[in-house]
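Novice: model the following, please.
(2 chains)
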Amino acid sequence: MINEIALHSPALAIAIPLVFAFLLPLLKKWKKLAALMALIGFGAAETMAVLVFKSVLTEGIKVYVMGASSIGQTTPPFMPVPVRIILEIDAFSALMGLAGATIALLAAIYSIKFIKESHVKYYSLLLLMLAGLLGFVFTGDLFNLFVFFEVLSISSIGLIAFWLKRSEAVEAGFKYLTISAVASLFVLFAIGLLYGEHGILNIATISRDMLFYGFAFTDIIALGLLVCAFAMKCGTAPMHFWVPDAYGEAPAAVTAVLAIASLSSVYALLRIAFTVFGPLPHTEIIAYAVIIMGAISLFVGATMSLVQKDLKRLIAYAGVSQTGFILVAFGVGLVAINNVPLQAFGLRAMQGGLFHLINHAFYEALLFLVAGAIIYRAGTKDLNELGGLARQMPLTAVFFLIGAISIAGLPPSNGFASKILIYESIYFFSPLLAVIALISSVIVVVPMVKAFCSAFLGPEIKKFKSVKEVPGSMILAMLVLSIIVIFFGLFPGIMLESIVNPAVNALLNQAAYVGGVL
Amino acid sequence: MIEALMQNLPFVVSALLFVIGLYALLFKSNLIKMAIGLSIMGSAVNIFLIALGYKENSIAPIFTNAPINGSINAAKMAMPIPQALTLTSIVISLAVTALMLSLAVVVYRHCGSLNASKAWRLKK
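Specialist: Residues are numbered from 1 along each chain as shown, chains lettered A, B, ... in the order given. As a prediction, this is how the structure comes out:
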């Protein structure tokens, strides 16, 4: 039985949240039962993600073919090409899936008390978002990538505009809808171009085609469109305007999941750049574009974060700057794979980038949950009104401090561990880039100190005298995230060895990805 | 030149529609017009996909529709996959347009205006 489940875990990981999402509305009358069902759904999806991750780490790339007589049968008996719906999971996608499922589970636990009305609608959309996220990172097929991309964005829009009574929330939802609809049309257009050129939608087969026959002109247009679309959705600098709006207005638990959803766009960008197009000279242009976008968002995110008065917008801008770190690191990695003298540094940059991606997902989630806790008790996120909360909410203050130290990259934290890898490797590529990264990282300390001081320290404010610590379920979610963040910070070597390096190798090993299907 | 244009007419039309839609989305501040621009872009992509799978003198790619003179001649059929993609994409763009219009309705209820420059409150 357990073996059977493990065998089908990739499909179950997507199917379970999907089924639960549509089952929940049937339980509308029994609210507690519905919340319990939702939690069971998140727990089951998390279990599946763990199973997938474990089996990928021990056995290598996992290929799951939907509707075939046996799971590994990628090509139908009478056809030479894989035309079936294929899930292909390597160490990188399994890691993203695991991080997404974990954060979604914690967000769901946090939401038990945090969301006071229409539980059923909320949990259905959150489950749908998780299904979209897992499908998006697990799929081995370009068109399914598009479909899950849409599932993910449409359900996130429903959640961003969850509090319809607030006009700001609706506005943020509208902006996010515009950007994600344009991005997904770009993706579809690019998929059409690639299909016209290669006659197939399977990522591995397209990748092999390009390895053998090189690029056609339309492929380059498709690459540009895809990079544009995913850069739009991951919230990098010239297209970052939706990030503070959407992150600031969505319910806090949703924002945590939304952050990992944006990072999954970074995943798709890397999958396209490394696996589909691979180490061919043309990708260098894209690499420089990615580096420039990353450097701009590093600086813009950090400086814009300085002037914010709204706690969640402040964290969101600091997050834009962290996305810049990830993009710069992977851009340098992408340049270096074609450039032999730089290869060692390129590999290190990619390790740093990937480690930072995972760290970023967790501490950003932690910070947003803390912001949510403040909103839950104090009723405002305006830093000018807040003050002295550390007396009433000591645990929350500690959690915020942990998150703030990580995002600022101060020594014992996980943010420091990954940022140092990035600095020391991109320095050899371009000292200027390292300087920009270092300065931006230092600038991020300032808004974090400001937020901590003005929300938690200072004289007691009369309005907040009756404020209490948040309920246990919310504490639990923040506690687990803090433990993960601290653990990553204390043992970066173990993390690099056990989860980051397999993922980086999977990303670089194009032949293994192709070989998984063909 | 003209001949090449005429041969690739569907692609030219879809590129033009895509640009028109993008223009409406970027430069119009009325929310309804933005929704219209978005669905024009969606149609452009759909036209592109359909044109991709078209072959001259081909028949619809339905199995039972194939000519019964012995073997089924797959070469005579239009490509079925782009049509399947288009079908999915139509459904998705319907959902996106509906969602966008319903959000516009809520925005109008709150602010009494559909003009983005008047209705938007989040700045900086």
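Novice: drop to CA atoms for contacts and neighbour counts, all remaining ones
Specialist: OK.
Novice: near chain A, which residues of chain B are found?
Specialist: For chain B, the residues in contact with chain A (C-alpha under 8 Å from any C-alpha of the partner chain) are B:38, B:41-42, B:45, B:48-49, B:52, B:82, B:85, B:92, B:96, B:100, B:103-104, B:106-107, B:110-111, B:120-122.
Novice: whichever of the residues you listed end up buried, select them in ChimeraX.
Specialist: In ChimeraX, this line selects whichever of the residues of chain B next to chain A come out buried by 16 or more other C-alpha atoms under 10 Å in any protein chain shown:
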select /B:38,41,42,45,48,49,52,82,85,92,96,100,103,104,106,107,110,120
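Novice: pLDDT value on the residue most central in space within chain B, please?
Specialist: What sits nearest the mean C-alpha location of chain B, by C-alpha atoms, centre = their mean, is residue B:43, with 1.9 Å. Looking at residue B:43, its pLDDT stands at 94.
Novice: what does residue A:61 give?
Specialist: Model confidence at residue A:61 (pLDDT) stands at 90.
Novice: which of the residues of chain B next to chain A fall in helices?
Specialist: Among those, DSSP state H puts B:38, B:41-42, B:45, B:48-49, B:52, B:82, B:85, B:92, B:96, B:100, B:103-104, B:106-107, B:110-111 in helices.
Novice: what element comes up after the helix or strand residue A:417 falls within heading to the C-terminus?
Specialist: Per DSSP states H and E: residue A:417 is located in helix A:414-429. Next in sequence after helix A:414-429, counting helices and strands by DSSP H and E, comes helix A:431-456.
Novice: low-confidence ranges in chain A?
Specialist: Scanning chain A for pLDDT under 70 picks out the ranges A:279-282.
Novice: what residues does it have near chain B?
Specialist: A:143, A:150, A:154, A:164, A:167-168, A:170-171, A:173-174, A:177, A:181-182, A:185, A:188-189, A:192, A:196, A:245.
Novice: and these, which of them are buried?
Specialist: A:143, A:150, A:154, A:164, A:167-168, A:170-171, A:173-174, A:177, A:181-182, A:185, A:188-189, A:192, A:196, A:245.
Novice: in the stretch 1-150 of chain A, mark out all the strands, start to finish.
Specialist: A:62-65, A:86-89 (DSSP state E, counting those that start in this stretch).
Novice: quick one on the thing from earlier: who's in contact with the residue nearest to the centre of chain B?
Specialist: The contact partners of residue B:43, by C-alpha atoms under 8 Å, 6 or more residues apart in numbering or on different chains, come to B:14, B:17.
Novice: how far out from the middle of the chain is the helix holding residue A:417?
Specialist: Relative to its chain's centre, helix A:414-429 lies at 20 Å (C-alpha atoms, centre = their mean, to the nearest Å).
Novice: what's the burial count for residue B:3?
Specialist: Using other C-alpha atoms under 10 Å in any protein chain shown, residue B:3 has 8 neighbouring residues.
Novice: which element, helix or strand, includes it?
Specialist: Going by DSSP H and E, residue B:3 is part of helix B:2-7.
Novice: counting by contacts, list what the very next helix or strand once past that helix packs against.
Specialist: The helix or strand immediately downstream of helix B:2-7 is helix B:9-27, counting by DSSP H and E. For helix B:9-27, the elements it packs on are helix B:31-53, judged by 3 or more C-alpha pairs under 8 Å, 6 or more residues apart in numbering or on different chains; DSSP states H and E.
Novice: in PDB, list the C-alpha atoms belonging to the helix it packs on.
Specialist: Only the C-alpha atoms of helix B:31-53 are listed here, as PDB (Å, rounded to 0.1, in the frame of the first residue of the first chain):
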ATOM      1  CA  LEU B  31     -10.700  49.300 -16.800                       C
ATOM      2  CA  ILE B  32     -13.300  48.000 -19.300                       C
ATOM      3  CA  LYS B  33     -11.000  49.000 -22.200                       C
ATOM      4  CA  MET B  34      -8.200  47.200 -20.500                       C
ATOM      5  CA  ALA B  35     -10.300  44.100 -20.300                       C
ATOM      6  CA  ILE B  36     -11.100  44.500 -24.000                       C
ATOM      7  CA  GLY B  37      -7.400  44.800 -24.800                       C
ATOM      8  CA  LEU B  38      -6.600  41.700 -22.900                       C
ATOM      9  CA  SER B  39      -9.300  39.600 -24.700                       C
ATOM     10  CA  ILE B  40      -8.000  41.000 -28.100                       C
ATOM     11  CA  MET B  41      -4.500  39.700 -27.100                       C
ATOM     12  CA  GLY B  42      -6.000  36.400 -26.200                       C
ATOM     13  CA  SER B  43      -7.800  36.200 -29.600                       C
ATOM     14  CA  ALA B  44      -4.500  37.100 -31.300                       C
ATOM     15  CA  VAL B  45      -2.800  34.100 -29.700                       C
ATOM     16  CA  ASN B  46      -5.700  31.900 -30.600                       C
ATOM     17  CA  ILE B  47      -5.500  32.900 -34.200                       C
ATOM     18  CA  PHE B  48      -1.800  32.300 -34.200                       C
ATOM     19  CA  LEU B  49      -2.300  28.800 -32.800                       C
ATOM     20  CA  ILE B  50      -5.000  27.900 -35.300                       C
ATOM     21  CA  ALA B  51      -2.900  29.200 -38.200                       C
ATOM     22  CA  LEU B  52       0.000  27.100 -37.000                       C
ATOM     23  CA  GLY B  53      -1.900  23.800 -37.400                       C
END
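Novice: any idea how far that helix is from the chain center?
Specialist: 3 Å.
Novice: quick one: it to helix B:9-27, angle?
Specialist: Per axes from the mean of the first three to the mean of the last three C-alpha atoms, to 10 degrees, the angle that helix B:31-53 makes with helix B:9-27 is 160 degrees.
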